[in-house]
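K.L.:
this one's structure only:
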């Protein structure tokens, strides 16, 4: 296997942390996103979506999607389980993980990519250029604030995002919360539950990645 | 189990078709989306995201997410497999399913919800009102056209979306293509591969749902 990463980017961080939590060691290649390496014909052959992360399997199959990679790694290395233990648990983890992605990671990306000067015409990742939409940047920011407030509420009811155990939903939430820092949306002062959880998950060695 | 559906809506259709392909029979409740039933305290208690579908389990756990519901049903009723057979296959199916959702279903929703007169301030599903953004409606439409063209290319290389077998990725793609009809984006005349596939998957009894 070969893992195509970019050590400064939040999306592949969701897989970096996952790999570390599994205790796996996968040969890693850094992709120069700033230099546009993801747009080259060589990289497009691996992932036509022109994004990292990508996991290349030994038979040449390339998985160019975070959740697909996590699913594969969970199958080949079940312990410790990060996607849930039984049928109900797997579904609950998937539900929370998707909420953290949609309301968290994607909302921050919406705010960032539609406003950052260095991302003109890069409002969406991928091979097609799309112009920035300032109103969408503002909407993204509103959504991020709502996300942080809702997550604080959730973590008042539950030790971790999807329930008592640490799962992939905590990884996605951590990446989202830290990514929100890129647009200067910090954890609110009164979000005590979110602060408690953020300190705990950030103390895990995997979070340093 | 109890399935909360709305028979006219595309999102729960992804689960309706999935249930039919599994040959399952689950007691179903229609939720009156037009009348705003998804916003009532009773429904919010089941799904704070105020969306259908929801699957309520016998212990009261509510799954308010399409992919979470599909994951649960695949676990309790593995045959016929719709999420892939082995580790690699499961990952490849997940990758394609997510592409069909992001590039297809969500792009149509972006185009529709940011333009439809009846959806003022309902640019996103969920409990919070967000104003329509006309530029986003236009971007969504561009993305839908690209989606249809890319899907035609893919189906020139592959019998089904994720490979030789019918999977959940075909369900998501079918719902996306039919949903595109809501914004009058039809399958292009020259998209022969997409037409062939669309006729095949539409002929399955599950597609009538």
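P.N.:
Cool, got the structure. Quantities reported herein were computed from a predicted structural model and do not represent experimental measurements.

K.L.:
roughly how far out does the helix or strand hosting residue A:149 sit from the chain middle?
P.N.:
Using DSSP states H and E, residue A:149 maps to helix A:134-157. How far helix A:134-157 lies from its chain's middle: 16 Å, per C-alpha atoms, centre = their mean, to the nearest Å.

K.L.:
For the helix or strand following it, list every residue counted as buried.
P.N.:
Using DSSP H and E, the helix or strand that follows helix A:134-157 in sequence is helix A:168-180. Neighbour-count burial for helix A:168-180, counted by 16 or more other C-beta atoms under 10 Å in any protein chain shown, picks out A:168, A:169, A:170, A:171, A:172, A:173, A:174, A:175, A:176, A:177, A:179, A:180. Using the backbone N, CA and C atoms, a C-beta is placed for each residue, glycine as well.

K.L.:
which one of those residues is nearest residue B:74?
P.N.:
For those, the closest approach to residue B:74 (C-beta to C-beta) belongs to residue A:168, at 17.5 Å.

K.L.:
I figured residue A:197 hits residue A:154, correct?
P.N.:
No - at 9.2 Å, residue A:197 does not count as touching residue A:154 under the criterion of C-beta atoms under 8 Å.

K.L.:
shared neighbours of those two, anything?
P.N.:
residue A:161 (C-beta atoms under 8 Å, 6 or more residues apart in numbering or on different chains).

K.L.:
Show me which of the two is the more surrounded one.
P.N.:
Taking other C-beta atoms under 10 Å in any protein chain shown, residue A:197 and residue A:154 do not tie; residue A:197 has more neighbours (25 against 21).

K.L.:
ok, and the closest non-adjacent residue to that one?
P.N.:
Spatial nearest neighbour of residue A:197, chain neighbours left out: residue A:155 (4.6 Å); criterion: C-beta to C-beta, 6 or more residues apart in numbering or on different chains.

K.L.:
Cross-check the contact I'm expecting between that neighbour and residue A:169.
P.N.:
No - with contact defined as C-beta under 8 Å, residue A:155 does not count as touching residue A:169 (11.3 Å).

K.L.:
which residues are common contacts for those two?
P.N.:
residue A:161.

K.L.:
where exactly do the helices run in chain A?
P.N.:
A:10-22, A:41-46, A:66-76, A:87-99, A:106-113, A:134-157, A:168-180, A:192-202 (DSSP state H).

K.L.:
Kindly calculate the angle that the first one makes with helix A:192-202.
P.N.:
Read that as helix A:10-22. 70 degrees (axes from the mean of the first three to the mean of the last three C-alpha atoms, to 10 degrees).

K.L.:
mind listing what the residue lying closest to residue A:156 once chain neighbours are set aside touches?
P.N.:
Leaving aside its chain neighbours, residue A:156 sits nearest to residue A:193 (4.3 Å; criterion: C-beta to C-beta, 6+ apart). Neighbouring residues of residue A:193 by C-beta under 8 Å, 6+ apart: A:152, A:153, A:154, A:155, A:156.

K.L.:
Now which of those residues would you call buried?
P.N.:
Buried, going by 16+ other C-beta under 10 Å: A:152, A:154, A:155, out of the contacts of residue A:193.

K.L.:
can you redo these as JSON lines with pLDDT?
P.N.:
Listed next are the buried ones among the contacts of residue A:193 as JSON lines, based on pLDDT from 0 to 100:
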{"residue": "A:152", "pLDDT": "98"}
{"residue": "A:154", "pLDDT": "98"}
{"residue": "A:155", "pLDDT": "98"}
